[in-house]
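> make a model of this:
(chains A and B)
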Amino acid sequence: MAHILRINTKEKRYSFEEPSPAFAALGGRALTSKMILNEVPATCHPLSSFNKLIFAPGLLSGSPAANSGRLSVGAKSPLTGGIKESNTGGLVSQKLARLGIKALVLEDKPEDDAYSIIVIKKDSVEILPADEYRGVCNGEMIEKLWERFGKRVGVASIGPAGEQRLTAASIQFADPKGHPGRAAGRGGLGAVMGSKKIKAIVVDDAGADKFTLHDPEAFKTANKKWAELLMNHPVSGQGLPAFGTAILVNLINEAGALPTKNFRSGRFEFAQDISGETMSANIEKRGGIVSEGCHPGCVIRCSQVYNDKDNNYLTSGFEYETIWAFGAHCLIKDLDDIARMDRLCDEFGIDTIETGVTIGIAMEGGLIPWGDGKAAIELLKKVGTGDPLGKIIGNGAAFTGQALGVDRVPVVKKQALPAYDPRAVKAVGVTYATTPMGADHTAGYGVCQNVLSVGGTIDPLKKENNVEISKDLQIATAAIDAAGLCLFVAFPVLDHAEGLQLIVDMLNAQYGLTLTTNDVVQLGISILKDEHEFNRQAGFTKKDDRLPDMFKEVFPPHNTTWDFTDDELAKARTF
Amino acid sequence: MTNWRKPERFNGMGKLIFNAFSFLQKKLKERNIPCVDAPFVFSEGQTVRDVLTAMTICDEDIEGVFVNGKIAPADTVLRDGDRMAAFPPGTPGPYRLLLGIVKRGKDSQ
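Residues are numbered from 1 along each chain as shown, chains lettered A, B, ... in the order given. I've put the predicted structure just below:
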């Protein structure tokens, strides 16, 4: 049986324990959220010793299942004050699972200012002094740790933003090439890691026992079909590998839903300049890598390496939402400037969505001119230096808006809205408002049976059906996060009814269970119930499930407004 | 519903702005067919399908078409000043669903 590894960061001691019955059948987000609800006082300060930082591989992680290498990282969020699950690729999830670790829980916090790193191997757990790494950025941190502990060990680290405990701080993860391009980005979990004075976690699964499957043959059969399903689908098999998620720039712009100049309109006149098509052409021209996976066993391979004009590495994992945040939102049209800011975020360990939106708020507040990429880069660099202005920016959009006296601050539960305007894609707006995570597009991904049956009837500009579909997507997403699957598996699952069954077949074959697809849906519901309950205990009410007033403004080109009432939105939370 | 398009009837020729995305953009560029904010002249009464045919774009290269930012079926009659964009299969995210592409996109083929 897999164990829970608890590390007391104050006492520098660790223990392995068998999971209690409440945790035994859970993994990924299901486990992080259940543990936080059960073990973290909802009213505690997120940076206090009472908070816990939990790393949990998904249920299928470590197995040969395609695209199952995702990790859930959970805690009480310093940004939102509510529960947080942030999901990432990288190498840590599969290695923890292969070492038989169901969850790694960081508890308490040191009273002194000394940093540590945690090194987890097959037969040992070490908590080592790490003051030599203070102030080191994530790229260099991974280099040093790979040099010290061997190439391709899993690394999770914080940069200067996490050390400063800024509420937009991320935890960065080494990708298979050793770039810090994968992130548990949202919600300030890097600040929680910084509060516990853990600079990095190294996971080495060398010598791990063979991964056990209850029914290897049944697993192999299901996984073969599963991988074929992913590879044969035009989205996961062609679109994403060729253009990454940035393929969405032109499409969302065309739909009139690309928030431009701090959500004033849905079209950016320079969308083509920052599009996936342009990104892909630059990568090919400059000798980058068009398509690579964020973890071993990924068959979608939507990540990439983006080089500068001199063909030198600039950034990796260059996502649509990042390009939007630093691009259309800030009126910046130079894709290389945007890539530089993506890289700075990875190095400093700070969420790209939150930070991009914040730079726009800085423009709104007159700190730097709209569209000035070079000024934006200089402003962002201050986050890495400990400059007071950098601390304002690094605490996110709501904080910066307040500091600068700005009244157009696009946040829900103090977390910045991502790259889809809620007035032009209303179901996403319902998700922003009602997910326990704060504004988060990934909380309403996925697909489930109900979605399949209502698929063609959605009008993104009207209210009808959009609450129901957001609810269904939130349930399905929670279940996918628990399984440790990449959210992008949702596309083939949407189009092929057997997709969901194959996920269930793999879970059953791995654990010797008799789950049905309905059980998976129920799992998703139970996760959301746990998360909403934590937030309720933390003091959240339905007034926290609103979009800011700025979304009552008419939004061109479709001239729609945000028009849901509190009671209508509350239906997305009735299970 | 707001009146978001000009009248259907106009005299003779109309002009629209055409875009293609993803693999389709790449393909059309290789064939020297303008497809980024490109003006396209058409005759009164012509539809989305007529424009795609004129550009020799085949059905399997299309998952959906936007007309003025909304997913539109292939028999949509075009109007002077319209903005049209075509895209192939491969749109990630639930947005194929949330933008109404999935069903209507297939209708348009």
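> quick one: A:Leu461 is in a helix?
No. Counting by DSSP: H, G, I helix; E, B strand; the rest coil, A:Leu461 is not part of a helix but coil.
> show me what contacts it?
Taking Cβ atoms under 8 Å, 6 or more residues apart in numbering or on different chains as the contact definition, A:Leu461 lies against A:Arg423, A:Ala424, A:Lys426, A:His558, A:Thr560, B:Lys70. Glycine gets a C-beta too; all of them are placed from N, C-alpha and C.
> give me the number of residues near the closest residue to the second one other than its chain neighbours?
What it means is A:Ala424. Leaving aside its chain neighbours, A:Ala424 sits nearest to A:Ala257 (3.6 Å; criterion: Cβ to Cβ, 6 or more residues apart in numbering or on different chains). By other Cβ atoms under 10 Å in any protein chain shown, 30 other residues sit near A:Ala257.
> neighbours of the closest residue to A:Ile171 other than its chain neighbours, just the number please.
Spatial nearest neighbour of A:Ile171, chain neighbours left out: A:Ala184 (4.5 Å); criterion: Cβ to Cβ, 6+ apart. The number of residues packed near A:Ala184 is 30, by other Cβ under 10 Å.
> isn't A:Ala184 up against A:Val73?
Yes. In this structure, A:Ala184 is within contact of A:Val73 by Cβ atoms under 8 Å, at 4.0 Å.
> residues bridging contact with these two, i.e. touching both?
A:Ser86, A:Asn87, A:Thr88, A:Ile171.
> wait, the last one touches A:Lys196, no?
No. Using Cβ under 8 Å, A:Ile171 and A:Lys196 do not qualify as a contacting pair, with a distance of 11.5 Å.
> apart from its chain neighbours, what residue comes closest to A:His532?
Here the residue nearest A:His532, using Cβ to Cβ, 6+ apart, is A:Pro436, at 5.4 Å.
> the one you found contacts A:Gly82, doesn't it?
Yes. If you go by Cβ under 8 Å, A:Pro436 and A:Gly82 touch, sitting 5.9 Å apart.
> who's more crowded, these two?
Between A:Pro436 and A:Gly82, counted using other Cβ under 10 Å, the more crowded position is A:Pro436 (31 against 27).
> contacting residues for the more buried one?
A:Gly82, A:Ile83, A:Leu528, A:Glu531, A:His532, A:Phe534, A:Asn535, A:Phe540.
> is it true that the fifth one lies in a helix?
Yes. A:His532 forms part of a helix when assessed by three-state DSSP.
> what is the burial count for it?
21.
> how far away is A:Thr385 from chain B?
Using Cβ to the nearest Cβ, to the nearest Å, we find A:Thr385 at a distance of 36 Å from chain B.
> let's verify the residue nearest to A:His532: helix, strand, or coil?
A:Pro436 - assigned by three-state DSSP - is coil.
> cool, the one 3 residues further on as well?
When states are read from three-state DSSP, the local structure at A:Ala439 comes out as coil.
> what do you get for A:Lys381?
Relying on three-state DSSP, one would call A:Lys381 helix.
> touching, it and A:Glu347? I think so.
No. Counting by Cβ under 8 Å, A:Lys381 stays clear of A:Glu347, with 10.0 Å between them.
> OK, contacts around A:Glu132?
Contacts of A:Glu132 (Cβ under 8 Å, 6+ apart): none.
> what's the answer for A:Ala24, then?
So A:Ala24 contacts A:Met1 (Cβ under 8 Å, 6+ apart).
> next one: A:Lys413
Applying Cβ under 8 Å, 6+ apart, the residues near A:Lys413 are A:Thr80, A:Gly81, A:Gly82, A:Met437, A:Gly438, A:Ala439, A:Phe540, A:Asp544.
> show me where chain B has its helices.
B:22-30, B:48-54, B:95-98, B:101-107 (DSSP state H).
> what stretches of chain B score poorly on pLDDT?
By pLDDT under 70, the weakly predicted segments of chain B are B:1-10, B:92-97, B:99-109.
> what do you get if the cut-off is 90, keeping everything else the same?
For chain B, applying pLDDT under 90 flags the ranges B:1-13, B:59-60, B:63-64, B:71, B:89-109.
> A:Gln402 in helix, strand or coil?
Applying three-state DSSP: A:Gln402 is helix.
> separation between A:Ala156 and chain B?
From A:Ala156 to chain B the distance is 26 Å (Cβ to the nearest Cβ).
> surely that residue touches A:Ile201?
Yes. Under the criterion of Cβ under 8 Å, A:Ala156 makes contact with A:Ile201 at 4.5 Å.
> so which of these two has more stuff around it?
Using other Cβ under 10 Å as the criterion, A:Ala156 and A:Ile201 rank with A:Ala156 on top: 30 against 26.
> rewinding a little: and the residue nearest to A:His532, what's its pLDDT?
If you check A:Pro436, the pLDDT there is 97.
> tell me the phi and psi of it?
Main-chain dihedrals, A:Pro436, degrees, to the nearest 10: phi -70, psi -10.
> before we move on, what about A:Gly256?
Note on A:Gly256: its backbone torsions stand at phi 70, psi 30 [degrees, to the nearest 10].
> would you mind measuring from it to B:Gly69?
4 Å (Cβ to Cβ, to the nearest Å).
> check A:Tyr432 too.
For A:Tyr432, the distance to B:Gly69 - Cβ to Cβ - is 21 Å.
> neighbour count: these two, which is higher?
The neighbour comparison of A:Tyr432 against B:Gly69 (other Cβ under 10 Å) goes to A:Tyr432, with 30 against 23.
> doesn't that one belong to a helix?
Yes. Per three-state DSSP, A:Tyr432 lies within a helix segment.
> residue contacts, the nearest residue to A:Ala427 once chain neighbours are set aside?
Leaving aside its sequence neighbours, A:Ala427 sits nearest to A:Asn466 (Cβ to Cβ, 6+ apart; 4.2 Å). Taking Cβ under 8 Å, 6+ apart as the contact definition, A:Asn466 lies against A:Lys426, A:Ala427, A:Gly429, A:Val430, A:Ile458, A:Pro460.
> A:Thr88 - nearest residue in space that isn't next to it in sequence?
Leaving aside its sequence neighbours, A:Thr88 sits nearest to A:Ala184 (Cβ to Cβ, 6+ apart; 4.5 Å).
> next one: A:Val411
A:Ala398 (4.8 Å).
> tell me the secondary structure for that neighbour?
Using three-state DSSP, the three-state assignment for A:Ala398 comes out as helix.
> measure how buried A:Asp108 is and give me the count.
17.
> list the residues that contact it.
Going by Cβ under 8 Å, 6+ apart, A:Asp108 touches A:Asn8, A:Thr9, A:Lys10, A:Glu11, A:Ser49, A:Lys196.
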